[in-house]
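A.B. asks: how would this look folded up:
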Amino acid sequence: MAGINFDHIHMGDWLRQVHDHPSAAIAGICDADPARMAGAIATFGTAPAFVFTDVAACVAIRPDMVILCPATADHAKQVRATPD
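C.D. replies: The predicted model follows:
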C-alpha cells in the first residue's frame, strides 16, 4: 500500500492500520512537501528509498493499493495523477 498526499492528518491513521495489519505493508509514501511526511517516516521507520515527493515515482513502485488524502478540492486531480 502506498500513501499519497498528507493534506489530511488522518493519513497517519490509515498508514497505522496498514502497518498493523498482518497481511499488509507500507510500500511507499509521497507528498510534495517532505516535512509533512516526517512523522510517518519516524513512526513507521520508512526507508528513504520508499519516500517520494513525486506521485509518478511513487506509483512506479507498483503498490497493490493507494491511499489518497489530498484536500477535498484536489481529489479528482490526484486520482488522475495516479495511473492504473
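A.B. asks: Enumerate every residue touching I41.
C.D. replies: Residues near I41 by CB atoms under 8 Å, 6 or more residues apart in numbering: I29, V51. Any C-beta I mention is one placed from the backbone N, CA and C, and that applies to glycine too.
A.B. asks: Can I get the host helix or strand of it in CSV, CA atoms only?
C.D. replies: In this structure, I41 is located in helix 38-44 according to DSSP states H and E. Extracted in CSV, the C-alpha atoms of helix 38-44 (Å, rounded to 0.1, in the frame of the first residue of the first chain):
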residue,chain,number,x,y,z
ALA,A,38,8.3,13.4,8.7
GLY,A,39,6.0,11.9,11.4
ALA,A,40,5.1,8.9,9.3
ILE,A,41,8.7,8.3,8.4
ALA,A,42,9.7,8.3,12.0
THR,A,43,6.7,6.3,13.3
PHE,A,44,6.8,3.6,10.7
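A.B. asks: what pLDDT, on average, does the helix or strand following it get?
C.D. replies: Downstream of helix 38-44, the first helix or strand assigned by DSSP H and E is strand 51-52. For strand 51-52, the mean pLDDT works out to 98.
A.B. asks: residues near the spatially closest residue to M65 that is not a sequence neighbour, how many?
C.D. replies: Distances taken as CB to CB, 6 or more residues apart in numbering place M1 nearest to M65, at 4.9 Å, with adjacent residues excluded. For M1, the count of nearby residues is 19 (other CB atoms under 10 Å).
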